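Enquirer: Any chance you can model this:
(3 chains)
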Amino acid sequence: MDLTIAPNPFFWNAEFVRSFYAGLAEAPVARVVLGELVCSKRLPFWQDEIPQAIAALQAAGKEVALTSLALITLKRERKLTADLLGLGLPVEVNDLSALHHIPEGIPFWVGPLVNVYNEGTLRWLARRGAKRICLPPELPMASVAVLAGVAQAEGVALEVWGHGRLPLAISGRCYHARLHERAKDSCQFVCDQDPDGRDVDTLEGQSFLAVNGVQTLSQAYACMADHAARLQQMGISALRLQPQSTGFDAICADYAQLLAGDMTSGALISRLSAAHPDMPFCDGFGHDGAGANWRGKAVLV
Amino acid sequence: MQEARENIAIPKILTAPMHVLPLWPVSIAFSQLARKLLRAHPNILNRIDKYQDCGFDLDITDLPFILRLHPVRADLRAFRRNAAPDADARISGSLAAFLAMLHGVEDGDSLYFSGALQIEGDTSAVLALRNALDDAELDLSTEIANAIPLLAPPLRLALAPLEKLTGLHLHRADTTPEVY
Amino acid sequence: MELVCPAGTPAALRAAVDAGAHCIYCGFADETNARNFPGLNFSRTELTEAVGYAHARGAKVLVAINTFPTAGREALWHSAVADAERAGADAVILADLGLLAYAAEHHPDLRRHLSVQAAAANPDAINFYATAFDVRRVVLPRVLSVEEITAINREIDVETEVFVFGGLCVMAEGRCSLSSYATGRSPNMNGVCSPPEHVDYATEGNDSVARLGGFTIHRTPKGGAAPYPTLCKGCFTSGDKTGHVFEDAVSLDASALVPRLAQAGVTALKIEGRQRSKAYVAQIVRAFRAVTDALDARRAPPALALARLSEGQAATTGAYAKTWR
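Expert: Below is the predicted model of the structure:
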């Protein structure tokens, strides 16, 4: 089992993107998915960083793929998706409409925002050319186990969400703009103020969700360290880690040690908690319960 | 259309004696009704499914007692308020709201959104009961006439004037279920 | 213009037919459909009878099998498709790729509609489903404006169906795990959003509190209208802002937009609400049938006064107006 880095879902400025991917080139991860996942309006601000990030990552021996947007509606977004194919890198489909642009027989990857819940869907995608699929985070472990078997038979590498705020929903409406009492079309890019999303708490102060433009994430950071060994036994081929603005190098290094058997999950979690004392964690989907639960318990504050 | 959330209440002169009279005759009469009704509409229990063994408090706020429905036992007993053991779920509202929902005049969700009906406890059980009763298309006046045949002729005569007088939906307006 | 109406029970289906529905959609009483609520939906026998009732009166019946089959238990969904065909359903409404492929292969003569749960939000997605699985109609997600719907219809050859009334998802349907994050049960897997068994109502001081999976979704003054704790309609705090971060407690009412939707090339209008009572279904269907009849007769549609039936008793035209975003 190795590590895949998810596309960064947040709006970071060009310099930050540059230093992030330069750092990642040094990290013990096998592959990186790059590109704008959440909002096409952000792309002009950082797209010039993409070519050099790809070059640096490939020079460091990493596999690189480009993600589609999570929700494609506008004409220019459709064109953007069609154009992804001509770049010579695998495309990670995170909106099924991207498949319309991928000719039969051309290999592609499938991201966690595509609904792969069962054998029928996995087989269909595999026969259409899917080589690597990251399962939706809410999938119960029993389903993961069944799909791991099918994936091996079909020659598909299967990934499971390993770390980071869970992508829970995508919408036509921009919640960042709404919180700033702006329309989506005149958002003035306020999502750049929150490099890890903007926290949304309940009226009683329970930490709950985070908004990131049109995306809604969990406020807790998923940490599947306790489940890694079991996933490895099932035949899952990679854990997926989602970029975050602080401490990501250490996170990559720790998960790599975990997978190599050089660090226990307990040690990883202790180090993570020490480095991020205010960060809530969750792994409930790994216990087939509410996703917000952590290590088998509800963590309502 | 008569709105169930208007303040239609049973006159106190009718309910006052019930505060002092014993409740067991009420329990017997209501349970007879429930038994006959559930036998005539077996699909109600099918739809309530795994919530058959739940206790539902029907708190009709203008009555001086609450009714406890236990579907699987076909039990509909009266309890003094605050003297009833805990139920799994509780639906409260005016008689007008209950009757309007039961007779398909008003939508249960709309009554709930407007605050005319309140629910507590096991929401799933309440939904199962609500959906089961909605599908059964009950007409309470017909059910009473069927359960207690003695009451059928006077009920038939009194229904229209009584509805006019009280503003309550005492029978179904949308369909006319047959008397079985 | 075809009116597609909800039925959670056989009684509601008959009420919808009698009120003038051209088409009724319903589901089996299990997790194969996205309104898997207690006491709701149809047995195999009930569906067969319901199809008979509808067909005798010139109405069609569509069966929603629109959750995502569970790995290892696909047979339940496969038999739902077979049973819908056997009952005489006019079409099945599907969302899952694998199930679409299965239905296209094993039940080629059974008409396939693409559920809103598949969230096909652009012509490429729709053309993909049309080409791959011969889908004949697409229920459009509620994230699109009227202008976008017009543009989509120009680029596709399949029929489109849009929601005009009822509950409103603010998230792209079929792509939301908020419910399972709080409760472990989701629309995609279990056919329920904000499931009732995880709802807790409590009275605390002078407040009524509604919680879902322990998370507080609403806190309202006691005695006031208590909204059902649907996650995305909740009241939350973010920084210095407190309010309905995602969506107010409103529901969709696009009745005034029906003429524009017709111009946009839409084939069918869909009413949400399989979980609502037959009283609700009958009233809404009657009101919308007056709108479609007026449209067919080239008269101005009557204004509807349906707010009373809406959640929160307030309505929005949702994403159909671009400003909603």
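
Enquirer: So which residues make contact with stretch C:95-107?
Expert: Contacts made with stretch C:95-107 from outside it, assessed by CB atoms under 8 Å, 6 or more residues apart in numbering or on different chains, are listed as A:96, A:115, A:117-125, C:65-69, C:74, C:77-78, C:81-82, C:85, C:92, C:94, C:110, C:112, C:114-118, C:129, C:132-135, C:174. Bear in mind the C-beta positions are built from the backbone N, C-alpha and C, glycine included.

Enquirer: Out of those residues, list just those in helices.
Expert: A:119-125, C:74, C:77-78, C:81-82, C:85, C:129, C:132-133 (DSSP state H).

Enquirer: returning to what we had before: generate a ChimeraX selection restricted to the buried entries among the contacts of stretch C:95-107.
Expert: To isolate the buried members of the contacts of stretch C:95-107 in ChimeraX, using 16 or more other CB atoms under 10 Å in any protein chain shown:
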select /A:96,115,117,118,119,120,121,122,123,124,125 /C:65,66,67,68,69,74,77,78,81,85,92,94,110,112,114,115,116,117,118,129,132,133,135,174
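
Enquirer: Report the secondary structure element holding the residue in chain B that chain C sits nearest to.
Expert: Ranking the residues of chain B by distance to chain C (CB to the nearest CB) places residue B:131 first, at 3.1 Å. Secondary structure assigned from DSSP states H and E places residue B:131 in helix B:123-136.

Enquirer: Next, the buried residues of that helix.
Expert: Of the residues in helix B:123-136, those buried (16+ other CB under 10 Å) are B:123-136.

Enquirer: which residue is nearest the middle of chain C?
Expert: For chain C, the residue nearest the mean C-alpha position is residue C:272 (4.4 Å; CA atoms, centre = their mean).

Enquirer: distance of residue C:287 from chain B?
Expert: From residue C:287 over to chain B the distance is 13 Å, taken as CB to the nearest CB, to the nearest Å.

Enquirer: so that residue sits right up against residue C:303, yeah?
Expert: No. Contact criterion CB atoms under 8 Å: residue C:287 and residue C:303 do not qualify, at 10.0 Å.

Enquirer: Between those two, which contacts overlap?
Expert: By CB under 8 Å, 6+ apart, residue C:287 and residue C:303 have these common neighbours: residue C:255.

Enquirer: okay, those two: which has more neighbours?
Expert: In this comparison of residue C:287 against residue C:303, neighbours counted by other CB atoms under 10 Å in any protein chain shown, the higher total goes to residue C:287 at 20 against 10.

Enquirer: Just give me the neighbour total for residue C:185.
Expert: Applying other CB under 10 Å, we find 23 other residues in the vicinity of residue C:185.

Enquirer: so which helix or strand takes in it?
Expert: With DSSP H and E as the test, residue C:185 turns up in no helix or strand.

Enquirer: Please apply the same query to the one 3 residues further on.
Expert: When elements are assigned from DSSP H and E, residue C:188 belongs to helix C:187-190.

Enquirer: Using CSV, write down the CA coordinates of that helix.
Expert: Provided in CSV are the C-alpha atoms of helix C:187-190 (Å, rounded to 0.1, in the frame of the first residue of the first chain):
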residue,chain,number,x,y,z
PRO,C,187,-29.6,9.0,0.7
ASN,C,188,-27.1,7.2,-1.6
MET,C,189,-26.8,4.1,0.6
ASN,C,190,-30.0,3.9,2.6
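
Enquirer: How about it and chain B, any contact?
Expert: No. Against chain B, helix C:187-190 shows no contacts by CB under 8 Å from any CB of the partner chain, the least distance being 12.7 Å.

Enquirer: quick one, what contacts the closest residue to the residue of chain B closest to chain C other than its chain neighbours?
Expert: Counting by CB to CB, 6 or more residues apart in numbering or on different chains, residue B:131 lies nearest to residue C:39, which is 3.1 Å off, once chain neighbours are set aside. Counting by CB under 8 Å, 6+ apart, residue C:39 touches B:47-49, B:51, B:127-132, B:135.

Enquirer: Start and end of stretch A:227-242, how far apart?
Expert: Here the two ends of stretch A:227-242 are set 17 Å apart, with distance taken as CA to CA, to the nearest Å.

Enquirer: That stretch close to chain C?
Expert: No. Applying CB under 8 Å from any CB, one finds stretch A:227-242 separated from chain C by no less than 12.0 Å.

Enquirer: Which strands or helices does the helix or strand containing residue B:160 pack on?
Expert: Using DSSP H and E, residue B:160 maps to helix B:152-166. Other helices and strands packing on helix B:152-166, by 3 or more CB pairs under 8 Å, 6 or more residues apart in numbering or on different chains; DSSP states H and E, are helix B:140-147.

Enquirer: Show me what the helix it packs on is packed up against.
Expert: The elements that helix B:140-147 packs onto, with contact taken as 3+ CB pairs under 8 Å, 6+ apart, are helix B:24-40, helix B:152-166.

Enquirer: what's the first one in contact with?
Expert: What that stands for is helix B:24-40. Contacts with helix B:24-40, where a contact means CB under 8 Å, 6+ apart, come from B:18, B:44-45, B:65, B:67, B:69, B:71, B:74-78, B:138, B:143-144, B:146-148, B:180.

Enquirer: Buried ones only from these, please, as a PyMOL command.
Expert: The buried subset of these, as determined by 16+ other CB under 10 Å, is captured in PyMOL by this line:
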select buried, chain B and resi 44+45+65+67+69+71+74+76+77+78+138+143+144+146+147
